[in-house]
Every structure is written in structure tokens, then in C-alpha cells.
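Below are the sequence and a predicted model; questions follow.
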Amino acid sequence: MALYNETGIVLRSYPFGEADRVVVLLSPNRGKLRTVAKGVRKTKSRFGGRLEPFTHVDLVLYEGRNLDTITQVSIIEAFAHLRNDLDRVVAAGTMLELADLVAQENEPTHRLFLLLQRGLRVLDDGQPHPDLVTAYLLKAAEIIGVAPALEHCASCGRTDELRKFSFAAGGVVCERCRSAGSYALRAGLTDYLAAVNASDLARLPDPDAAMSKEAIGVTRRFVEYHLERRLVSLAVLDH
């Protein structure tokens, strides 16, 4: 057992015992990191609000048998501005939820960590682009190996007659490969999704209201299909 340093973004936390909390973070070096913050639920806790979700922190931890204990914590980035706007909180919550779902313990997740950090920085800088969450989901899908095919048939690789989309096949399919579960998308939507996916989160293409609405719907359903989990934080869109 020893002390060690680590950085991470707080994904969530929950009560543990009478005064402690388990804090779950995304670490670039250790993947999903479950830790315990002793006495954090007490009024006079020395940790204060430094372990709230969205916060990028630097930690000193003491190795334990089951959970490592946080002994020191300092804030690297608080992302304070995004917390004051519901749209930005929903978008940030979706980013954290997906990272929490796909990250594994004791497996480095540098690309996923950098994507999450980039997404939170963009949200902290101003109102979110209508396609920001769509872009984040597409880029995260690529990192974990389930990115949808958008420019060639997911089954045979053809680049023409791409008129249908199939969740099971993994993206767009040509007329030859279409199955009973495939369906037609709005004309131009796959090109729109490809452009969003190819762009930096801070420099997304000019939005199209109709395309954006359908793009997030298709991308959300595709990710949920392949993860076999609902993204609860996006349920607000259903209302």
C-alpha cells in the first residue's frame, strides 16, 4: 500500500457509510477510477465542493484493498460556467454518462479522457452548438470501436446507392445489402453526420435545424443499440 498521484474528471459520486462518498472519476492512465472521500458529507469537510461532477482534479490517493482513499485534492479545471445553464448541463451530463458506461477500470483511456475534456471545455466557453452532443457521441463510438459507417456500405463497402441505414449492420447500407431492419434516412443526413464527425468539437459545420434534430436522434439510437443501454441524461429530449 502506498500514496500515488493521479488526475481525473469526476463522473459521479454516491454516499458510502455515514459520512463518506464513493467518487468515480475518468483517469487517462487508469480508466474508470473508484475512490472514497472520507468525511466529505460532513459540513466541515476539507474537500468542500472540489469533488463535484464535471470537475477536473489532481489527487493524492492512498491505495486500499477495495477502494483507494483520497487524501488530497486540488482543482485543475472547474468548468464553472457550464453549470449555470440547463442546456449545457444536459450536454455535459450526456458526455459524462457515456464515458462512465464505456470506460473500464485499470485500462488507460487517454483518447476518451481527452475527448471528454475537450467537450467540457467547449461547453464552458459558451452555448453549445446544436450538433455538439452528436459529434461527441460519434467520436466516442469511434474510440470504443462501434463507429457507424457513413460513407460506405457497412456490409460490402460499396460507396454508391447508400439509401438505407441499419443499426444492426453498423451504418448505411446499399440497395444490395439492405435488410428488413434497415430504413431510409432524410436525403443528405449521412453526409451531414460525416461532416459533423470529421470536425473538431469547437469548429462544427453550420447547423441545419431539421438535420440536427434527426442527426441526434439517429446517433443516440445507434449508440444505445450497440451499448445495449439507454442514455438516461438524454431523456429530457423526449419531452
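Yes, it's here.

Which other helices and strands does the longest helix that the chain contains contact?
Using DSSP state H to define each element, the chain has its longest helix at helix 209-227. Packing partners of helix 209-227 (3 or more CB pairs under 8 Å, 6 or more residues apart in numbering; DSSP states H and E): helix 86-102, helix 132-144, helix 189-198. Heads up, the C-betas are built off the backbone N, CA and C, glycines and all.

Then Ser179 would be within a helix, right?
No. Using DSSP: H, G, I helix; E, B strand; the rest coil, the assignment for Ser179 is coil, not a helix.

returning to what we had before: list of residues touching the longest helix of the chain?
For helix 209-227, the external contacting residues (CB atoms under 8 Å, 6 or more residues apart in numbering) are 98, 101-102, 130-131, 133-134, 137-138, 140-141, 146, 148, 165, 167-168, 171, 185-186, 188-189, 192-193, 196, 230-231, 234, 237.

how much does it deviate in direction from helix 86-102?
20 degrees (axes from the mean of the first three to the mean of the last three CA atoms, to 10 degrees).

tell me the angle helix 209-227 makes with helix 189-198.
Using the same axes, to 10 degrees, the direction of helix 209-227 lies 80 degrees away from that of helix 189-198.

In helix 209-227, which residues are buried?
Met211, Ser212, Glu214, Ala215, Ile216, Val218, Thr219, Arg220, Phe222, Val223, Glu224, His226 (16 or more other CB atoms under 10 Å).

for stretch 29-39, same thing?
Here stretch 29-39 shows Arg30, Gly31, Lys32, Leu33, Thr35, Val36, Ala37, Lys38 as buried, counting by 16+ other CB under 10 Å.

swap in stretch 190-199?
Here stretch 190-199 shows Thr190, Tyr192, Leu193, Ala194, Ala195, Val196, Asn197 as buried, counting by 16+ other CB under 10 Å.
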